[in-house]
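Visitor: Need coordinates for the following:
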Amino acid sequence: MKRLPALLGLLLLLSGLASGSGLLLFRTQALPGGVQLEWAAANAPNVIRYGIDRQDGPADDFDCLTSLTAGSRSRYSYFDRHARPVAADGSAVTYRLTVHTAAGAQAYLSSPPPPAASTPLDSCWLLIKQMFR
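Guide: Residues are numbered from 1 along each chain as shown. Prediction:
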């Protein structure tokens with residue numbers, strides 16, 4: 001079971017390289033005031049633009065946040081000031097990064113990990129919510 005994330009990461013990398021997007025990294029991190037998105041591309045010259053969307057819950061549609069024109073950089077970031085890492089119903093907020101190339105588009109998903117519990121009561125509450133998901 002511990003090998004599954006590594007295998008999925010490798011599969012994501014290989015599929016990205018095959019499609020021409022060359023995405024090496026896409027991660028989200030909850031920070032005070034919002035969520036930080038970061039990504040790195042290995043094959044940036046083939047990329048036309050990046051689209052960033054957010055889904056606030058599993059039953060919600062993705063909402064377009066922004067579109068960034070690709071440049072000569074290999075690393076990009078975006079800070080979403082209008083989101084919490086956990087949706088109102090307790091589910092994780094999901095971000096979609098769409099890499100647009102001349103050959104088409106490839107989408108990647110990421111959710112920030114839940115914030116660390118600050119008190120024993122918070123820790124118990126997080127454990128209870130995870131048990132009933």
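Visitor: Run through this protein and note the low-pLDDT ranges.
Guide: Of all residues in the chain, those with pLDDT under 70 make up the ranges 1-22, 43-45, 85, 87-88, 114-133.
Visitor: Just confirm His82 is within a strand.
Guide: No. Using DSSP: H, G, I helix; E, B strand; the rest coil, the secondary structure at His82 is coil, not a strand.
Visitor: Test of understanding: give the bridge partners of the nearest residue to it once chain neighbours are set aside.
Guide: Taking Cβ to Cβ, 6 or more residues apart in numbering as the measure, His82 lies nearest to Gly34, with 7.1 Å between them; neighbours along the chain are not counted. Quick note: C-beta positions are derived from backbone N, CA and C, even for glycine. Beta bridges link Gly34 to Leu31 when assigned by DSSP bridges.
Visitor: What of the one 4 residues further on?
Guide: According to DSSP bridges, the partner residues bridging Glu38 are Arg27, Ser77.
Visitor: how many other residues sit next to it?
Guide: By the measure other Cβ atoms under 10 Å, the count of residues near Glu38 is 16.
Visitor: who's in contact with stretch 64-81?
Guide: 31, 33-42, 44-45, 47-54, 95 (Cβ atoms under 8 Å, 6 or more residues apart in numbering).
Visitor: Neighbour count says what about the residues you listed? Which are buried?
Guide: By neighbour count, with 16 or more other Cβ atoms under 10 Å, the contacts of stretch 64-81 hold 34-35, 37-41, 44, 47, 50-54, 95 as buried.
Visitor: Tell me the one of these nearest Gly104?
Guide: Nearest to Gly104 out of those is Val47 (Cβ to Cβ; 11.6 Å).
Visitor: Identify the bridge partners of the closest one.
Guide: When bridges are called by DSSP bridges, Val47 pairs up with Thr101.
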